[in-house]
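S.K.: Coordinates for the following, if possible.
(chains A and B)
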Number of protein chains: 2
Amino acid sequence: MSETRIRFGILGCAEISRKVSRAISLTPNAAIYAIGSRSLQKATNFAASNGFPESAKIYGSYDAVLDDPNVDAVYIPLPTSLHIKWAVLAAQKKKHIMLEKPVALNVGELDQILEACESNGVQFMDCTMWMHHPRTAKMKEFLSDPQKFGDLRSITAVYTVAVDQEFLENDIRVKPDLDALGALGDAGWYCIRAILWANDFNLPKYVTALPGTVFNKAGVIISCGAILQWEDKKVATFHCSFLANLTATIKASGTKGSLHLYDFLIPFEENQCSFTTATESGFTELVTGWVPLPSQHIVMTDVPQEACMVTEFSRLVTSVKNDGGVVEKMWPTWSRKTQLVLDAVKASIEKGCDSVSLS
Amino acid sequence: MSETRIRFGILGCAEISRKVSRAISLTPNAAIYAIGSRSLQKATNFAASNGFPESAKIYGSYDAVLDDPNVDAVYIPLPTSLHIKWAVLAAQKKKHIMLEKPVALNVGELDQILEACESNGVQFMDCTMWMHHPRTAKMKEFLSDPQKFGDLRSITAVYTVAVDQEFLENDIRVKPDLDALGALGDAGWYCIRAILWANDFNLPKYVTALPGTVFNKAGVIISCGAILQWEDKKVATFHCSFLANLTATIKASGTKGSLHLYDFLIPFEENQCSFTTATESGFTELVTGWVPLPSQHIVMTDVPQEACMVTEFSRLVTSVKNDGGVVEKMWPTWSRKTQLVLDAVKASIEKGCDSVSLS
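M.R.: Coordinates of the predicted model:
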């Protein structure tokens, strides 16, 4: 194994580890080095069925992965409630961390993780994969163009997914002791991130949950939404739910232009995707049509977005490890802002939809 | 002029009268018979520049149109504050009424109009033109399909249009004495109608304005939004604004399917438009794409939507006039429900975004 590659240890055999393992394999500057599960058999089976290299270490505990001195970085897809324990421990063992979202149950926990990362000089990145898709950079270019988009006035993000009754009662993502944030942590995280991303990560002044939050029997959120407001009257709304057919929409309106897409977090197709923009749209003279018509922008991709993420993370880790670089603060800052807003939505829900100030 | 055609009188030379005049001309069962303006010269010019038949009567007042016994029906595009006076008078003169939206400043005024229509046996229809587009019926078919769409869970409607400073201060649509409902009456009307239409015109239980309403200097709403809630936890949100680039979106999520389009009130093109649906959407096994992909449905049209509206209205009027039919209650009922929700949004804005109960 080439020493120029970042050697990954994977904590747990979560379903999503399959996709990320594939991404690590596809990434020139990364390599799968180890996997650990509480069950050695499970880890063995996982490695076998996901094409791990023969040389991959198979461990019967997470600790063993963290104790392996050859592991440079860990990917942590564990349930949210376990993040604080394992991410802090990983940082203390000087492992760089790629942490699944939602990153923590609240910003207090996240701060402990980020402090551990900072004091141990390890890179932190959350696994909001769509941030790394080349389409995302293209869209940002449009949103940042004062002539084509102007100033953002409103943005709507929706992520819904229809789950079955079994999921609603028993899935990790709706268990109070595992992922207590429910649909807000899972689907809402993406919406909040999209809104902040479009707003250059300026935090809103007020966060107000929308009425109509739905909880499962255990009291975990399975559907909710919120409105975010900035001082310049800019507004954002989002809706996230486990109760409706899969949708993943961003719709941004600026003073001069607009942008929309329907598959923001997982593109409809891996090799090709698109987004739609319009600038200075108006109606025809008799108001019987639009001029100009919106434009569809196709983005071709050779590399899946999760591999783009692993590439960027590994580049940063390489810089810290080999080139004496310092850790990149942007990613943990973005995670923290996302968590701050998520916490505010939760607080607003708990206060009967009263506004929560973030200033 | 064939007597089988419904003879229209047009009150006023509003910009939108041009499109509706064209629609009347295009409609086999309707004909332009008269136009009245406070200025005879303006009416004469309007008739000349919009291809009115030579036989068209040109009047220097609205009263003269209403007093012409050959006028069967009137199209009223006057500012909202004038609707009650002229629509009530038109009904008393036994003229059937096609009334521009917003139909009234509040439901109290609308009720006076509707009572005048009912007691005089005249047909009432508001000019929410997109309701009559063949695409709308196709979309409704999808939304009503228990296998393809299931139960509606959430719907978002957005209509924004970017206007200039001159409009924001001086246009009819933002003048307290002319169209005091501002963006809520103009753009919000369409959003509320879309939401009710998708909900089979079941009224929501609660209406709550979203924080962040923007007013112009005269105190008229130029940007606002609201959330509507039904007892079964169904939610709808809308955003309407004069401050952002033209967008006209409906996005509906059901338990089994979803629907979206970007040009709901004026299709991008007059002869062809589309909407997109998906049913039981899911991700590929590794969550790197969607299966099935959404489907785009193309709808070809020979007849503009406003001509479809005139056709339907004229059909109903013909039935009342010639065939001894009774007036169709559906259209006034839909207008009234739209106005009720609009009033509730306004009331909620005035109450600092407190919820307003519609039960």
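
S.K.: got the buried residues for the top helix by length along chain A?
M.R.: When chain A is parsed with DSSP state H, its longest helix is helix A:330-350. Buried residues in helix A:330-350, counted by 16 or more other CB atoms under 10 Å in any protein chain shown: A:331-332, A:334-346, A:348-349. For the C-beta atoms, the positions are set from N, CA and C on the backbone; glycine is no exception.

S.K.: Any residue of that helix touching chain B?
M.R.: No - Helix A:330-350 stays clear of chain B (CB under 8 Å from any CB of the partner chain), getting no nearer than 11.2 Å.

S.K.: what lines up beside the helix or strand just after that helix in the sheet?
M.R.: Sequence order places strand A:356-357 as the next helix or strand after helix A:330-350, per DSSP states H and E. Next to strand A:356-357 in the sheet, as set by DSSP bridges, lie strand A:206-209 (antiparallel).

S.K.: The partner strand: what's the following helix or strand?
M.R.: Downstream of strand A:206-209, the next assigned helix or strand under DSSP H and E is strand A:214-215.

S.K.: measure residue A:313 to chain B for me?
M.R.: Applying CB to the nearest CB, to the nearest Å, the value for residue A:313 to chain B is 18 Å.

S.K.: give me the number of residues near that residue?
M.R.: 28 (other CB atoms under 10 Å in any protein chain shown).

S.K.: where's the residue nearest in space to the middle of chain A relative to residue B:109, distance?
M.R.: The centroid of chain A falls nearest to residue A:128 when counting by CA atoms, centre = their mean (2.1 Å). Distance of residue A:128 to residue B:109, given as CB to CB, to the nearest Å: 50 Å.

S.K.: Same question for residue A:178.
M.R.: Distance, residue A:178 to residue B:109, using CB to CB: 56 Å.

S.K.: So between those two, which is more surrounded?
M.R.: Comparing residue A:178 with residue B:109 by other CB under 10 Å, the one with more neighbours is residue B:109, at 19 against 15.

S.K.: related to what we said a few turns ago, then the longest helix of chain A to CSV, C-alphas only?
M.R.: What follows is helix A:330-350 as a C-alpha-only set of coordinates in CSV (Å, rounded to 0.1, in the frame of the first residue of the first chain):
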residue,chain,number,x,y,z
MET,A,330,-14.0,25.8,7.0
TRP,A,331,-15.6,22.3,7.2
PRO,A,332,-15.9,22.2,11.0
THR,A,333,-17.3,25.8,11.0
TRP,A,334,-19.9,24.8,8.5
SER,A,335,-20.9,21.7,10.5
ARG,A,336,-21.2,23.9,13.6
LYS,A,337,-23.4,26.5,11.9
THR,A,338,-25.7,23.7,10.6
GLN,A,339,-25.9,22.2,14.1
LEU,A,340,-26.7,25.6,15.6
VAL,A,341,-29.6,26.2,13.3
LEU,A,342,-30.8,22.6,13.8
ASP,A,343,-30.7,23.1,17.6
ALA,A,344,-32.7,26.3,17.2
VAL,A,345,-35.4,24.5,15.2
LYS,A,346,-35.6,21.9,17.9
ALA,A,347,-35.8,24.6,20.6
SER,A,348,-38.5,26.4,18.7
ILE,A,349,-40.5,23.2,18.3
GLU,A,350,-40.2,22.6,22.1
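
S.K.: List the contacts of the residue of the stretch 1-150 of chain A found nearest chain B.
M.R.: Nearest residue of the stretch 1-150 of chain A to chain B: residue A:19, at 4.9 Å (CB to the nearest CB). Neighbouring residues of residue A:19 by CB atoms under 8 Å, 6 or more residues apart in numbering or on different chains: A:306, B:286-288.

S.K.: now it: how far from residue B:153?
M.R.: Distance from residue A:19 to residue B:153, by CB to CB: 27 Å.

S.K.: Now the residue of chain A most remote from its centre. Nearest residue, chain neighbours left out?
M.R.: For chain A, the largest distance from the centre (CA atoms, centre = their mean) belongs to residue A:286, which lies 44.8 Å off. Nearest residue to residue A:286, sequence neighbours excluded (CB to CB, 6 or more residues apart in numbering or on different chains): residue B:19, at 4.9 Å.

S.K.: Now do the contacts for residue A:241.
M.R.: A:159-161, A:183, A:187, A:214, A:222-224, B:153-154, B:253.

S.K.: Got the confidence number for it?
M.R.: pLDDT for residue A:241: 96.

S.K.: Next: residue A:1.
M.R.: pLDDT, read off for residue A:1, is 41.

S.K.: so where do the helices sit in chain A?
M.R.: Counting by DSSP H, the helices of chain A are A:15-26, A:40-49, A:62-67, A:83-92, A:107-119, A:134-143, A:165-170, A:182-183, A:189-198, A:305-322, A:330-350.

S.K.: so where is the stretch 1-150 of chain A shaky, pLDDT-wise?
M.R.: Low-confidence regions of the stretch 1-150 of chain A, defined by pLDDT under 70, span residues A:1-3.

S.K.: Now residue A:202. Its backbone dihedrals?
M.R.: phi -80, psi 130 (degrees, to the nearest 10).

S.K.: wait, doesn't it sit right on residue A:230?
M.R.: Yes - with contacts counted by CB atoms under 8 Å, residue A:202 reaches residue A:230, the gap being 6.8 Å.

S.K.: Using the record's assignment, carve chain A into domains.
M.R.: As given by automatic domain parsing, the domain ranges for chain A are A:6-130, A:132-305+A:339-357.

S.K.: For those domains, could you give me a markdown table that also reports distance to residue B:279?
M.R.: Formatted as a markdown table, the domains of chain A follow (distance: least, CB to CB, whole Å):
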| stretch | distance to residue B:279 |
| --- | --- |
| domain A:6-130 | 24 |
| domain A:132-305+A:339-357 | 7 |
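
S.K.: Skipping its backbone neighbours, what lies nearest residue A:26 in space?
M.R.: Distance criterion CB to CB, 6+ apart; nearest residue to residue A:26, sequence neighbours excluded, is residue A:307 at 4.4 Å.

S.K.: quick one: the one you found from chain B, how far?
M.R.: 10 Å.

S.K.: so that residue makes contact with residue A:21?
M.R.: No - using CB under 8 Å, residue A:307 makes no contact with residue A:21, being 11.0 Å away.

S.K.: Can you report how many residues neighbour the closest residue to chain B within the stretch 51-200 of chain A?
M.R.: Across the stretch 51-200 of chain A, the shortest distance to chain B (CB to the nearest CB) belongs to residue A:153, at 3.9 Å. Counted with other CB under 10 Å, the neighbours of residue A:153 add up to 24.

S.K.: Just give me the neighbour total for residue A:108.
M.R.: Residues contacting residue A:108 under the criterion other CB under 10 Å number 11.

S.K.: make that residue A:58, sorry
M.R.: Residue A:58 - counted by other CB under 10 Å - has 20 other residues nearby.

S.K.: thinking again about what came up before, residue contacts, the residue nearest to residue A:26?
M.R.: Each residue near residue A:307 by CB under 8 Å, 6+ apart is listed here: A:22-24, A:26-27.

S.K.: Now distance to residue B:39 too, for these, in JSON lines please.
M.R.: Converted to JSON lines, the contacts of residue A:307 look like this (distance: CB to CB, whole Å):
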{"residue": "A:22", "distance to residue B:39": "73"}
{"residue": "A:23", "distance to residue B:39": "70"}
{"residue": "A:24", "distance to residue B:39": "75"}
{"residue": "A:26", "distance to residue B:39": "72"}
{"residue": "A:27", "distance to residue B:39": "73"}
